[in-house]
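K.L.:
missing the sequence, but the structure's below:
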């Protein structure tokens, strides 16, 4: 493999990694994977996703997730609905993907 082809391959791999970081958890935009999504309107699901994407630190992300979970627990209790235990917070995975690095690309806004 020539040096030119090696450089192109490396650039393509780096671009793919940056895109993965920028689009952390894209399925959330459709409501899939959000714990308690059945108790949220479409706008509330979008707002939750925007809050995740806007989180500048792991701590801010965890606070956003905790507030969401408290809201869901209150709604479920008021409606007499028994929910399964919430899954692990998405913040750890986002951190592992490099989302909270100072140089991390911003997540695009959801539609």
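P.N.:
Ah, there it is. Remember, predicted model here, so these are calculated numbers, not experimental data.
K.L.:
contacts for the longest helix seen in the chain?
P.N.:
Identified as the longest helix of the chain according to DSSP state H is helix 58-79. Here helix 58-79 makes contact (Cβ atoms under 8 Å, 6 or more residues apart in numbering) with 35-36, 39-40, 48, 51-52, 55, 81-83, 86, 89-92, 94-95, 100. For every residue, glycine as well, the C-beta is placed using N, CA and C.
K.L.:
The next helix or strand after that helix packs against which elements?
P.N.:
Using DSSP states H and E, the helix or strand that follows helix 58-79 in sequence is helix 90-96. In terms of contact count using 3 or more Cβ pairs under 8 Å, 6 or more residues apart in numbering; DSSP states H and E, helix 90-96 is assigned the packing partners helix 42-54, helix 58-79.
K.L.:
Please render these as a markdown table that adds mean neighbour count to the earlier fields.
P.N.:
Converted to a markdown table, the helices and strands packed on helix 90-96 look like this (neighbours: other Cβ atoms under 10 Å):
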| stretch | mean neighbour count |
| --- | --- |
| helix 42-54 | 17 |
| helix 58-79 | 15 |
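K.L.:
returning to what we had before: could I have the buried ones of the contacts of helix 58-79 as ChimeraX selection syntax?
P.N.:
Selection of buried members from those for ChimeraX, criterion 16 or more other Cβ atoms under 10 Å:
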select :35,36,39,40,48,51,52,55,89,90,91,94,95,100
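K.L.:
now the longest helix of the chain against helix 42-54, angle please.
P.N.:
Put simply, helix 58-79 runs at 160 degrees to helix 42-54, going by axes from the mean of the first three to the mean of the last three Cα atoms, to 10 degrees.
K.L.:
quick one: average pLDDT of helix 58-79?
P.N.:
The average pLDDT within helix 58-79 is 96.
K.L.:
And stretch 84-92, by the same measure?
P.N.:
Rounded mean pLDDT across stretch 84-92 is 91.
K.L.:
What's the end-to-end length of it?
P.N.:
End-to-end distance of stretch 84-92 (Cα to Cα, to the nearest Å): 20 Å.
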